[in-house]
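[1] Sequence first, predicted coordinates after that:
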Amino acid sequence: MKKLDYLALALILLVGIGSILVFTLGREPGSRALIVTREGEWEVSLSQNLTIRMETGEGYNLVEIMDGGIRVLEADCRDQLCVHQGEARDAGQTIVCLPHELVIRVQGTAGDVDTIAE
């Protein structure tokens, strides 16, 4: 490889790393989450730290909001898929518990880029 090849490779790497940093560090996390059950709909801020117990006719989900993210800590459904989905913090991310008819969707702020097609 010649000197210009190394320079071109370094330039490509710098542009790639710079793009990643701009899109991850420069973006604010979603500011609110929409929690929907068969019993109703609630909008909660992700800037607070709290735990909510969601009771439905089919069972319960323990939802935690911590450090700008939301997740299901505990549920009494058989499959536990909602617990294993982990934390949602970016606009458009969703956590679903079908047995309890619970849907949690992160809503973005005006400056957020939603890369998920809706």
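    Received the coordinates, thanks.

[2] need the strands for the chain, in chain order.
    Applying DSSP state E to the chain gives strands spanning 32-37, 40-45, 50-56, 59-66, 69-75, 94-97, 102-107.

[3] And the last one, what's buried?
    What that stands for is strand 102-107. For strand 102-107, the neighbour count (16 or more other CB atoms under 10 Å) marks L102, V103, I104, R105, V106 as buried. Any C-beta I mention is one placed from the backbone N, CA and C, and that applies to glycine too.

[4] and what of the third one?
    In terms of neighbour count (16+ other CB under 10 Å), strand 50-56 has its buried residues at M54.

[5] please begin residue numbering at 189 from this point
    All set: I'll call the first residue 189, so the last point we hit is now strand 238-244.

[6] Can you give the distance from that strand to the centre of its chain?
    18 Å (CA atoms, centre = their mean, to the nearest Å).

[7] Report the angle between that strand and strand 290-295.
    140 degrees (axes from the mean of the first three to the mean of the last three CA atoms, to 10 degrees).

[8] Repeat that for the fifth one.
    Computed with the same axes, to 10 degrees, the direction of strand 257-263 lies at 170 degrees from that of strand 290-295.

[9] Show me which helix or strand of this structure is least confident by mean pLDDT.
    Every helix and strand of the chain was ranked by mean pLDDT, DSSP states H and E. The lowest is helix 191-213, at a mean of 78.

[10] for the strands of the chain, which one ends up most surrounded?
    strand 290-295 (a mean of 21; mean count of other CB atoms under 10 Å).

[11] Show me what the residue most central in space within the chain bridges to in the sheet.
    Taking CA atoms, centre = their mean, the centroid of the chain lies closest to A276, which sits 2.3 Å from it. Here A276 sits in beta bridges with I258, going by DSSP bridges.

[12] do the same with L222
    E231, R293.
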